[in-house]
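**Q** Next one to model:
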Amino acid sequence: MKAFLAKIFAKYIVNKEQKWINNPLETQDKILNELIVAAKNTKFGVDHHFESIKNYEDFKSQVPINDYEGLKHYFDEVIEGKPDILWPGKPLYLAKTSGTTSGAKYIPLTEESVPSHINSARNALLYYINETKNSNFVDGKMIFLQGSPILEDKNGLKVGRLSGISAHFVPNYLQKNRLPSYETNVIEDWETKVDRVVDETVKADMTLISGIPPWLIMYFERLIKVSGKENVQSIFKNLQLMVTGGVNYEPYRDKVNQLIGRKIDCIQTYPASEGFIAYQDSQKSDDLLLLLNNGIFYEFVPVDEFFDENPIRISLKDVEIGKDYVLILNTNAGLWGYNIGDTVRFTSIKPYRIVVSGRIKHYTSAFGEHVIGHEVEQALQKTLEKYPASVNEFTVAPQVNPTEGLPYHEWLIEFDQKPENLTIFNEELDAQMRRQNTYYDDLITGNILRPLVVSEVKTEGFQHYMKSIGKLGGQNKVPRLSNNREIADEFYSLNLITTN
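**A** Got it, this is the predicted structure:
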């Protein structure tokens, strides 16, 4: 019965969403106006003269681009429990995230913003149902592995991880199907938690599994080990769908399908504590529908200008396909000119679809090449298509002062199955990188850099590294790129590199 009703509801929602999809620029203009009107009497609104803002040009001139540090004095007042600081009233929750320079960050979730997180996760599934006509998975067991749903109290505000907060909003009709149990979800230690999840699910009829790709791989490997079965398909015969987020799924796809034992449908999503930004609305393409009616007004700064003194700052109407932009958010949770730290690339403007191309803080540019995440992922994917291998995880760092020869980019790769000829694999990977990034190509041609070097990471090396820094599991992931040797050197100090 649930499967039948899901198809009807899916068709209704998809038709409803089409209204803003057909009117993207008008929708964004409306969102900006609503945000300014709602927040004009807040402390931030008064400080930035919201009452005088008539259009986007006014807004840009009065609201600077900020990161968490730039807005921290406002956040601090919100955290103290003061009302009307960034958004009218007080937030319903504070989503706690890991900060790099300021320790823990606390992102407000308001009465207006919470529904967009919940409805967007739901709608991603409904788009899938409407397109594929497959809704049978709603009758089986589903994993929504989340942070602990136990919330702390901070000055009268409820505080927790976004996934833990979201656990309180799982619809009643899914509660009976949902695993793991509450008792398992509250476990903080990740390895203990995964072992308990395996125990609870190994004999269940799982039809949907949700998690970030590195967690999926870890979970599937332990399932196979505990069950003694050949692959996940022989454990969960009715597994139909996966939902992922947090990182680009493509570099993990082959490994996940290998562990499952067959190709499986996957919905990629782009949720963040700051807002639910996009999701994959079709199985025919891997790009993501940018959600324009979610209480977020988007701005974009070209990546190659972001560190300039006065970078160009544009709205949706001026974006170009194939260009990388730093994503800036203005939201109904009270974020203003907020640099989320991600870079996106548009693949379509009818409708507006994106891929997440990297992190503005995660790049390799020791020699001015400014290599970003999308480029290394594409280079690796194209190399694997030509010279098959199976990659669990990888990260890239510059080697500026080698003991001999020219500097180079070092790729730390954990292979599940190595390529037949690693030397040829290296050469192809370097050639693909030169196609992806012309600056890198110029540095190789000009003998400033020598071709990249692949260093093999030992089995489960990335898990050992993440455990060593206290970030195993959850939404934590190793950066694809670094502009220094901190991560790479730690791999060597932990003896995680295979010596040939």
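**Q** Outside of stretch 251-266 itself, list whatever touches it.
**A** By C-beta atoms under 8 Å, 6 or more residues apart in numbering, the residues outside stretch 251-266 that reach it are 128, 132, 134, 213-214, 216-217, 220-221, 224, 230-234, 239-244, 249, 280, 283, 377, 380-381, 384, 390-392, 394, 416. C-beta coordinates here come from the backbone N, C-alpha and C atoms, glycine included.
**Q** no, scratch that, I was asking about stretch 113-128
**A** Contacts of stretch 113-128 (C-beta under 8 Å, 6+ apart): 6, 9-10, 13-14, 17, 92-93, 109, 134, 162, 166, 169, 171, 241, 243, 265, 267, 269, 271, 275-276, 279-283, 289, 291, 294-296, 331-333.
**Q** Quick check: the gap between N293 and P24.
**A** Distance, N293 to P24, using C-beta to C-beta, to the nearest Å: 9 Å.
**Q** In which helix or strand does the closest residue to A379 other than its chain neighbours reside?
**A** Nearest residue to A379, sequence neighbours excluded (C-beta to C-beta, 6 or more residues apart in numbering): Q432, at 3.9 Å. Using DSSP states H and E, Q432 sits in helix 422-436.
**Q** for the next helix or strand after that helix, packing partners?
**A** Under the assignment DSSP H and E, the closest C-terminal helix or strand after helix 422-436 is helix 438-445. If contacts are counted by 3 or more C-beta pairs under 8 Å, 6 or more residues apart in numbering; DSSP states H and E, helix 438-445 sits against helix 422-436.
**Q** Report the mean per-residue pLDDT for the helix it packs on.
**A** The average pLDDT for helix 422-436 rounds to 94.
**Q** Likewise for stretch 386-406?
**A** 90.
**Q** got it, and stretch 20-30?
**A** For stretch 20-30, the mean confidence score works out to 97.
**Q** Please give the centre-to-centre distance between it and its chain.
**A** 24 Å (C-alpha atoms, centre = their mean, to the nearest Å).
**Q** For that stretch, buried residues please.
**A** 20-21, 24, 27-29 (16 or more other C-beta atoms under 10 Å).
**Q** I'd guessed D304 sits against I372; true?
**A** No. With contact taken as C-beta atoms under 8 Å, D304 and I372 are classed as non-touching, separated by 10.2 Å.
**Q** any residues in contact with both of these two?
**A** Common neighbours of D304 and I372 (C-beta under 8 Å, 6+ apart) are D324.
**Q** residues touching I487, list them.
**A** Per C-beta under 8 Å, 6+ apart, neighbours of I487: 395, 397, 412, 465, 478-479.
**Q** at 6 Å instead, please
**A** By C-beta atoms under 6 Å, 6 or more residues apart in numbering, the contact list for I487 reads T395.
**Q** For it, what is the enclosing helix or strand?
**A** Counting by DSSP H and E, I487 is part of helix 486-493.
**Q** what sits up against the helix or strand hosting E410?
**A** Per DSSP H and E, E410 falls inside strand 408-417. For strand 408-417, the external contacting residues (C-beta under 6 Å, 6+ apart) are 389-399, 449-450, 452-455, 457, 461-462, 491.
**Q** Mind checking which of these are buried?
**A** 389, 391-399, 449-450, 452-455, 457, 461-462, 491.
**Q** part of a strand, is V243?
**A** Yes. Counting by DSSP: H, G, I helix; E, B strand; the rest coil, V243 is part of a strand.
**Q** hey, what's it bridged with?
**A** When assigned by DSSP bridges, V243 has beta-bridge partners S210, I267.
**Q** Run a quick neighbour tally on it.
**A** Neighbours of V243 under the rule other C-beta atoms under 10 Å: 22.
**Q** same check, this time on M218
**A** As a measure of burial, M218 has 20 neighbours, counting by other C-beta under 10 Å.
**Q** before we move on, what about T269?
**A** Counted with other C-beta under 10 Å, T269 comes out at 20.
**Q** Low-confidence stretches in the chain?
**A** Residues of the chain that meet the criterion pLDDT under 70 lie in 98-103, 145-147, 171-175, 473-475, 500.
**Q** Between D304 and I372, which has more neighbouring residues?
**A** Shown here are D304 and I372; by other C-beta under 10 Å, I372 has more neighbours (24 against 11).
**Q** Okay, the more buried one and N231: tell me how far apart.
**A** Taken as C-beta to C-beta, the span from I372 to N231 is 34 Å.
**Q** what do you get for G368?
**A** From G368 over to N231 (counting by C-beta to C-beta), the distance is 46 Å.
**Q** between these two, who's got more neighbours?
**A** Set G368 next to N231 and count neighbours by other C-beta under 10 Å: N231 wins out with 17 against 10.
**Q** which one is the more buried one nearest to, not counting chain neighbours?
**A** G261 (3.4 Å).
**Q** G70 now?
**A** In this structure, G70 finds its nearest non-sequential neighbour in P64, 7.4 Å apart by C-beta to C-beta, 6+ apart.
**Q** Run a quick neighbour tally on the one you found.
**A** Residues near P64, counting by other C-beta under 10 Å: 12.
**Q** is it true that it lies in a strand?
**A** No. Using three-state DSSP, the assignment for P64 is coil, not a strand.
**Q** now the helices for the stretch 51-200 of the chain?
**A** 56-62, 72-79, 114-132, 162-166, 172-175, 182-185, 190-201 (DSSP state H, counting those that start in this stretch).
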